[in-house]
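Asker: Output the structure for:
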Amino acid sequence: MIDLKRLHHAHVLARCQNFSLAAKELSLSQSALTRSIQGLEEELGVQLFNRKRKGTAPTLFGIKLLEHSEIIANQMMQLERDMQDLQGIRSGTLNLGAGPAVAKIFIGATIGQFNQQHPNIDINVKLDNIPRLYTQLLEGDIEFIVGDPLYLNPSHKLDIRVFPRHPICFFCRQDHPVLQQSNLNLKAIFQYPFAAPYMAQHYTQALIKRFNLGNIRAERLSACCDIECDNMDIIESIVQQSDAISFCVPSRRKLPETLTLIPLSVPDLKTNYAVLQRPDKTLSPQANAFIKQLFISEVKEVGNEN
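Answerer: Residues are numbered from 1 along each chain as shown. Prediction:
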């Protein structure tokens, strides 16, 4: 049986008329594309493309193959649509919740991709802090949450699917006094206001506990404030205009030119984002399809980083 992937490769090559351009569009090496086309030709026992210096063009056999493969491709698309109809994911409504930081990092891009694939599904995204989203999850207003379970009581019964983890870094304004310190550490950073989404104080105290900085806990609580804001764009503006420090995921977010990463590496400081859902509730086909897209996007992103 003819490999459908090879048929797709032949279609792209016929359109690009160049192995190098086609391989780039397919995210393949040129040698891999060449082997794919050669395998298809060997399977059919005919030459499908004329290879010349000025480009590549289909032979009469290639033209006939492409005519039939277009019919096959259309039938496969219709089959996929029929399967989606039976699963109920071509239409309907998707209700989800997300924390502001994770929404800033990758929720928006995935929603855009999902909408392209499923244009008839209505999408409602509630951006809020995780504890309030948890209440909405229990009430059935949303099907799942994308966020950090650190903000929830461990006794809450939830199904948790964790995403690949990314390093977290601190950032500040370009002329911040912390950048003048020769011995940068977490204690130096926590001498300044910390700006973050919901429960900023809770987050800093969790970091202090995690990295055994108990000697600065009482000192910080009495000498330094926190700034809590559920909008990452506003947080960046706050940091630009003050001595406040915040955090970001540099692999997923480019800072404005007026801000800079603090050159402090904390190996164990990484994202802990996950999909949180009720264990006693079955997700809709729309929700399952969206979560699948989220994980595919994250796996690709980790691959690009490596």
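
Asker: Contacts only, for Cys172.
Answerer: Applying Cβ atoms under 8 Å, 6 or more residues apart in numbering to Cys172 gives the contacts 178-179, 192, 239, 243-246, 259-260, 262. No exception for glycine: its C-beta is placed from N, CA and C like everyone else's.

Asker: Mark which of those are buried, thanks.
Answerer: Among the contacts of Cys172, the ones that count as buried by 16 or more other Cβ atoms under 10 Å are 178, 192, 239, 244-246, 259, 262.

Asker: Are we agreed that Ser36 is in a strand?
Answerer: No. According to DSSP: H, G, I helix; E, B strand; the rest coil, Ser36 belongs to no strand; its state is helix.

Asker: What's the per-residue pLDDT of the residue nearest to it when sequence neighbours are not counted here?
Answerer: Nearest in space to Ser36, with sequence neighbours left out and distances taken as Cβ to Cβ, 6 or more residues apart in numbering, is His9 at 4.7 Å. If you check His9, the pLDDT there is 89.

Asker: give me the element His9 is part of.
Answerer: Secondary structure from DSSP states H and E places His9 in helix 4-16.

Asker: Can you give me the buried ones in that helix?
Answerer: Judged by neighbour count using 16+ other Cβ under 10 Å, the buried positions of helix 4-16 are 6-7, 9-14, 16.

Asker: what's the next secondary structure element after it?
Answerer: For helix 4-16, the succeeding helix or strand toward the C-terminus, using DSSP H and E, is helix 19-26.

Asker: what stretches of the stretch 201-306 of the chain score poorly on pLDDT?
Answerer: Residue ranges of the stretch 201-306 of the chain with pLDDT under 70: 201-208, 210-224, 299-306.

Asker: which stretches of it form strands?
Answerer: In the stretch 201-306 of the chain, the strands defined using DSSP state E, counting those that start in this stretch lie at 226-228, 246-248, 259-261, 274-277.
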